[in-house]
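**Student:** Have a look; sequence and predicted model below, questions after that.
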Amino acid sequence: MNKFGKTLLISLLASSLAVTPVFATPSVDDLKQDKKAAEKKVETLEDEMSSLMADINALEEELVKTGKNIIEATADLEKAEKKEKKQYEEMKTRIKLMYENGTGSMLTKVFESGSIAKMLKQAEYVQAVHNKDRECLEEYVKTKEKITDLKASLEEEQKAQQKKQKEFESQKQELNDTIEEAKSEVENFDVKIQEAAMRAASESSEGNSDGGNYNGGNYVPPSNASGGQAIVSAAYSFIGVPYVWGGESYSGVDCSGLVLMAHKAIGVRLPHSSGAQGSNGKAVPNMASALPGDVVCYSGHVGIYIGGGQMIHAPDFGQTVKVAKVYGSPWFRRYW
């Protein structure tokens, strides 16, 4: 065999051995684990949001405080400027009066004063007034400069805080979008879990495609029905789901909602009412005659019998779907 023939043979063998990878369909348990991970992600993100909101609230308080300080500094600056102006005008007036009233030479003033000591005392007084004016003016100028610097510093601080506030708001929007996406992912898992439960129930019911129907009090059982175990499997998929009044999804169910969803998995359509579910279908004499998949009925409450004197039910508000011992004196109905 020539080289070309060998190459062709190898290619044909490789092609015949090549297979398309087959990925296993996720089970209900796998999907529920994935959902828990997604819910944990949502919790983590919401914790981050709470922390961010705390930072935003703290920053807003700082902004309010800085704003008040700027207002106070502005008012103090205006007062200092007014005092400085007033002192300056008073000083100019005194100097003007001194020069206007001051006549003659120093010798004349000596004679007029009567003595050199009196003249010196008068000169010292004038100098003291000048010094006091200068000190007050310098003090007002320093105060004004100090307040001006403080105001400028506060305004810079305010700008930095406002910039940080914008950054926080941007982070808040991004985080909120991420949380919404994560919540949507959790909701998608609810759909996937339900689809997986229905697929498992369909396989378990040996291809039964003709579902029963409850219509106006008349129950029509499905042909070739053998879906008791499928109903139980579907009910098991709701273990841990919270009790929600009127609920009929993996986000929450009430007692009749659980029974409704478990039967829906095999195509049996029941009303969302414990009273209707407990008064229709095929009556089962007692628990000894009950089979897994039958409805355990009480006044105002229902569950799914799983055998061995146990049932799966949604007990009450604040609790979750669970396996429990059949209690009291129930009656049983069969819809499969």
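**Tutor:** Yes, it's here.

**Student:** can you give me the helices in this protein?
**Tutor:** With DSSP state H, the ranges of helices along the chain come out as 3-17, 28-101, 106-113, 116-204, 228-236, 255-264, 274-277.

**Student:** List the buried residues for the shortest one?
**Tutor:** The one in question is helix 274-277. By neighbour count on 16 or more other C-beta atoms under 10 Å, the buried set for helix 274-277 is 274, 276-277. The way it works is simple: take the backbone N, C-alpha and C, and place the C-beta from them, glycine included.

**Student:** now, among the residues you listed, which is nearest to residue 232?
**Tutor:** Among the buried residues of helix 274-277, residue 277 lies closest to residue 232 (C-beta to C-beta), at 16.1 Å.

**Student:** how close does that closest one get to residue 146?
**Tutor:** Note on residue 277: its distance to residue 146, by C-beta to C-beta, to the nearest Å, is 82 Å.

**Student:** go on, residue 80?
**Tutor:** 9 Å.

**Student:** Pick out whichever of the two has more residues nearby.
**Tutor:** Using other C-beta atoms under 10 Å, the more surrounded residue of residue 80 and residue 146 is residue 80, with 20 against 14.

**Student:** how far away is that one from residue 140?
**Tutor:** Distance of residue 80 to residue 140, given as C-beta to C-beta: 6 Å.

**Student:** likewise residue 290?
**Tutor:** 98 Å.

**Student:** Next: residue 159.
**Tutor:** Note on residue 159: its distance to residue 140, by C-beta to C-beta, is 29 Å.

**Student:** Compare those two (neighbour count), which wins?
**Tutor:** Taking other C-beta under 10 Å, residue 159 and residue 140 do not tie; residue 140 has more neighbours (20 against 11).

**Student:** The more buried one contacts residue 77, correct?
**Tutor:** No - the criterion here is C-beta atoms under 8 Å, and residue 140 misses it with residue 77 at 11.4 Å.

**Student:** Quick check: closest non-adjacent residue to residue 83.
**Tutor:** In this structure, residue 83 finds its nearest non-sequential neighbour in residue 140, 5.2 Å apart by C-beta to C-beta, 6 or more residues apart in numbering.
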